[in-house]
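Engineer: With the sequence up front, the predicted model follows.
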Amino acid sequence: MKIVTQVKLMPDVLQAPALEATLRTVNDAANRVSRVAFERGVPREYELRKHTYAELKARGLGAQAAQHVIK
């Protein structure tokens, strides 16, 4: 059974810019992965990882974030 919980992030003045930058970086990375998948015709996660993982890491994403973006 899946439980879904709605949460509201309430960052303080110092955390808000960092959170915004993180979300923007991850969103840009997801757009890049999507573009690569479309251009190369690679719909499968494992194959897509070969084409994008190193680039995502070079952009500063951590390993877990990069894997989630590709997934």
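Structural biologist: On my side now, so go ahead.
Engineer: How far off centre is the lengthiest helix in the chain?
Structural biologist: Using DSSP state H, we find that the single longest helix of the chain is helix 15-40. When distances are taken as C-alpha atoms, centre = their mean, to the nearest Å, helix 15-40 is centred 5 Å away from the chain's centroid.
Engineer: after that helix, next one along is what?
Structural biologist: helix 45-58 (DSSP states H and E).
Engineer: can you count the residues close to His68?
Structural biologist: 13 (other C-beta atoms under 10 Å). In this view, the C-beta of every residue, glycine as well, is placed from N, C-alpha and C.
Engineer: so which strand or helix has it?
Structural biologist: helix 63-70.
Engineer: That helix: which residues count as buried?
Structural biologist: 65-66, 69-70 (16 or more other C-beta atoms under 10 Å).
Engineer: Likewise for stretch 27-46?
Structural biologist: Those would be 29, 33, 37, 42, for stretch 27-46 by 16+ other C-beta under 10 Å.
Engineer: Poorly predicted segments of this protein, please.
Structural biologist: Applying pLDDT under 70 to the chain picks out no residues at all.
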